[in-house]
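*Asks:* Provided below for reference: sequence and predicted model.
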Amino acid sequence: MATRLLEGRPHVIVDGAPRPGTVGTLSHWPGTPTPVALWHDLSAGIVLRARARPDLLPDRASVASIDHFDADGVIALALLCVEGLAEDHGALLVEAARVGDFDVVSDRRAAVVAFAIAALGDVERAAAVLDVALPGGDGLDRTAWAATEALRILPALVAEPERYRGLWADEADALDASAGAVAEGWATIEERPQHDLAIVRVDVSHPDAARAAWGAAPLHPGAVHSATDRLRVATIAGGGVEVRYRYESWVRLESRRPRRRVDLSAVAAELTGAEAGAARWVFDGAGAITGALCLADGAPSTLDPEDVVDTVCARLEILDAGTAAWDPYATPVRG
């Protein structure tokens, strides 16, 4: 249900933050008042635990909602609301939520479910693949449409994913090509555990490089995140470099306590000062969901990418010994 339609009515918010009228929160977001007994790495896992602990669910809400569209949120909402889904497919759908949120793949079927859900976000293409009509006029709420379609098809999708190949095949192909890149050695992953850093190097001149790219990344993140537990990832490709925090260090994990994020703004300023040209480095904040240190506006750098990574590592030695800039456990929760 679209949150704008709640109008303060008593409701449960899933995979998000409470708002006026929220009487229960089932979310791994930082600082949200999810009962501690229900904590799980994924909001979908929190919902499964809540179903086993009805005493921890509010008894004065008949409405549940999400406030954004992604696999974890939609799956969590479906597990809460769609009859029989949790009993028949709960464990698999939690793994699909893990793929959607963290790009960690442990089960191929879970991955294609997550990819199909993500594809619903492109509503025009998804409607064409599903052969359904979009609402007419200017009133299309894309989040509501995508979430509604996800709830509609999810039982069949998880039972017979091949029926929905048109939604998930492109992303699955990119994942396969990326996994092949790592296996063949034209993409490599080096770990520096002392910095909680993985360094990904990709030969973008390889004939299969275009197949392995996904979105703005030279490799599908599922091939990287499934191969390393490091939550800081430096990607070197095409002469450029980017350092990004993984989503796991933004949310409130239950299975482990990730190394806390630090502010890389001073590192961005240092790198900018070292440039021979007009290139400018920026950091979009420790509180950004997947905060990144990167070049602004795609300007070319005069710095050697390996030197950039070494500079970041040297500064992390100091920053990690200081105060965290983001701590998802810092805000007290009720539970």
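*Replies:* Received, thanks.
*Asks:* rest of the way, CA atoms for contacts and neighbours
*Replies:* Noted.
*Asks:* who's in contact with the spatially most central residue of the chain?
*Replies:* Closest to where the C-alpha atoms of the chain average out (CA atoms, centre = their mean) is Asp101, at 3.2 Å. By CA atoms under 8 Å, 6 or more residues apart in numbering, the contact set of Asp101 is 70-72, 247.
*Asks:* ok, now with 6 Å
*Replies:* Applying CA atoms under 6 Å, 6 or more residues apart in numbering to Asp101 gives no contacts.
*Asks:* That one and Ala17: what is the separation?
*Replies:* Asp101 sits 16 Å away from Ala17, going by CA to CA, to the nearest Å.
*Asks:* okay, now the domains of the chain?
*Replies:* Domain ranges of the chain: 3-168, 178-319, per automatic domain parsing.
*Asks:* now the longest one: mean pLDDT?
*Replies:* Per-residue confidence for domain 3-168 averages out to 93 on the pLDDT scale.
*Asks:* CA atoms only: put whichever strand or helix holds the residue nearest to the centre of the chain into PDB for me.
*Replies:* Secondary structure from DSSP states H and E places Asp101 in helix 85-102. Extracted in PDB, the C-alpha atoms of helix 85-102 (Å, rounded to 0.1, in the frame of the first residue of the first chain):
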ATOM      1  CA  LEU A  85       3.900 -17.900   1.100                       C
ATOM      2  CA  ALA A  86       6.000 -17.900   4.300                       C
ATOM      3  CA  GLU A  87       5.200 -21.600   5.000                       C
ATOM      4  CA  ASP A  88       6.000 -22.700   1.500                       C
ATOM      5  CA  HIS A  89       8.900 -20.600   0.500                       C
ATOM      6  CA  GLY A  90      10.000 -18.500   3.400                       C
ATOM      7  CA  ALA A  91      13.700 -19.600   3.600                       C
ATOM      8  CA  LEU A  92      14.200 -19.200  -0.200                       C
ATOM      9  CA  LEU A  93      12.600 -15.800  -0.200                       C
ATOM     10  CA  VAL A  94      14.900 -14.500   2.600                       C
ATOM     11  CA  GLU A  95      17.800 -15.600   0.400                       C
ATOM     12  CA  ALA A  96      16.200 -13.700  -2.500                       C
ATOM     13  CA  ALA A  97      16.000 -10.600  -0.300                       C
ATOM     14  CA  ARG A  98      19.700 -11.100   0.500                       C
ATOM     15  CA  VAL A  99      20.500 -11.000  -3.200                       C
ATOM     16  CA  GLY A 100      18.300  -7.900  -3.600                       C
ATOM     17  CA  ASP A 101      19.800  -5.900  -0.700                       C
ATOM     18  CA  PHE A 102      23.300  -7.200  -0.400                       C
END
